[in-house]
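Asker: Provide a 3D model corresponding to the input given below.
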Amino acid sequence: MSTPEGGSPAGSAFQHLGRRLLVPALLAVLALVGLTLFADAGELLAALARFDRSLLLPILAFSLTNYALRYLRWEIYLHHLGVRLPRLDSLAVLLVGFLLSVTPGKAGELGKAWLVRELGGGPARRALPAVLAERATDLLGVVLLVALGALSLPLPAAPWIAGGAVAAVAAAVALLTWRGGAHRLFALCERLPRLGDHVHHLEELYDRLVGLLSPAMLAAGLGLSALAWGAEGLGFWLVVRDYAPAAVPLRAVFDYSASTLAGALSMLPGGLLAAEGSLAALLDAQGLDNATAASATLIIRGATLWFAVALGLLALPWVMVRIRRQRAAGA
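Answerer: Below is the predicted model:
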């Protein structure tokens, strides 16, 4: 796939997509090797064999709940921005975004704005704030879940971690919506030789993004994000509970959210290596043996990250066909 002439830089996310997926595939292999060394291959296989496979359906159902809630948020953002796409096209764009998420810092997801344009939703820059707002509310929603899950930790750590996480969310929102600071930054950018001519586009983008982070929209976005990622946290609890029946749901949500946050902050494609390593370490610190911790980590990553990537791969042909039809109709 290649970017059409006159296309936005976002479209370049689709160039040589197969080659781009080699990096996350390599990182996935490294994560698997690391967990195998952490647990011992034979013991890890035995732990995987002990897992109750009948739990896979409810675990995947929690993952689908995550995607459904994020689709609702995506639709809310597009509607607020005046972007109109048929529901199936909009859903397909969201799913392909999961495939693009296995890029450093999830930067490839900016290609969703290009897809919206190619499917007749208007200029890519009109949809771009929705992608940025998704990333912001995803990250902040996960931090809120860390705060909630921290209440399951022993004293005196619990209130400090919970309070610090809430304070971090408040500070991030204040910084993102500080128009005065943003416009001072834009004024400085105007002096840069290659950036000055594009500052007005950045200002327009920022103003649209702040509109999606207004109090009512922020509450909706953060609420849906916390529910979505919390659903996957409950799916993780089902995994852990099969190995440790006394597992507490709130602690599982904390572990899953903290590892997701570690993966996001690492800026590695899909959070690979960082998410797996931190999750296995958290489980090990709670008394699970290495093989059980590694097995639980592999199962939940398969049912969340790689399940989402698989759905993105399934949606990609639909999107490409729809784009070709859209171009043919406009020819």
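
Asker: So for the top helix by length along the chain, what gets flagged as buried?
Answerer: The residue-count maximum for a helix in the chain (DSSP state H) belongs to helix 215-243. Buried residues in helix 215-243, counted by 16 or more other C-beta atoms under 10 Å: 217-218, 220-222, 224-243. (Each C-beta comes from the backbone N, C-alpha and C, glycine too.)

Asker: Stretch 80-97 now?
Answerer: The neighbour-count check on stretch 80-97 (16+ other C-beta under 10 Å) flags 80-81, 83, 85, 89-97 as buried.

Asker: tell me the contacts of residue 89?
Answerer: Going by C-beta atoms under 8 Å, 6 or more residues apart in numbering, residue 89 touches 119, 319, 322.

Asker: Next, report how far the helix or strand containing residue 174 is displaced from the centre of its chain.
Answerer: Using DSSP states H and E, residue 174 sits within helix 157-176. Distance, stretch centre to chain centre, for helix 157-176: 20 Å (C-alpha atoms, centre = their mean, to the nearest Å).

Asker: And it, what's buried?
Answerer: 158, 161, 162, 165, 166, 169, 173, 176.

Asker: Most widely separated two among those?
Answerer: Within the buried residues of helix 157-176, 158 and 176 form the most distant pair, 27.5 Å apart (C-beta to C-beta).

Asker: who touches stretch 278-289?
Answerer: Identification of contacts with stretch 278-289 by C-beta under 8 Å, 6+ apart yields 35, 38, 43, 240, 243-244, 251, 255-256, 258-259, 262-263, 290, 292-294, 296-297, 300-301.

Asker: Mind doing that once more with 7 Å?
Answerer: 35, 38, 243-244, 255, 258-259, 262, 290, 293-294, 296-297 (C-beta atoms under 7 Å, 6 or more residues apart in numbering).

Asker: Over to stretch 319-331?
Answerer: Contacts for stretch 319-331 (C-beta under 7 Å, 6+ apart): 89, 92, 93, 96, 115, 118, 119, 120.

Asker: what's around the closest residue to residue 235 other than its chain neighbours, how many residues?
Answerer: Spatially, and ignoring its direct neighbours in sequence, residue 235 is nearest to residue 62 (3.4 Å; C-beta to C-beta, 6 or more residues apart in numbering). When neighbours are counted by other C-beta atoms under 10 Å, residue 62 registers 21.

Asker: Confirm for me that residue 62 is in contact with residue 237.
Answerer: No - with contact defined as C-beta atoms under 7 Å, residue 62 does not reach residue 237; the gap is 9.1 Å.

Asker: ok, back up a step: can you say which helix or strand has the residue nearest to residue 235 in it?
Answerer: Short version: residue 62 belongs to helix 56-81, going by DSSP H and E.

Asker: Sweet, I'm off.
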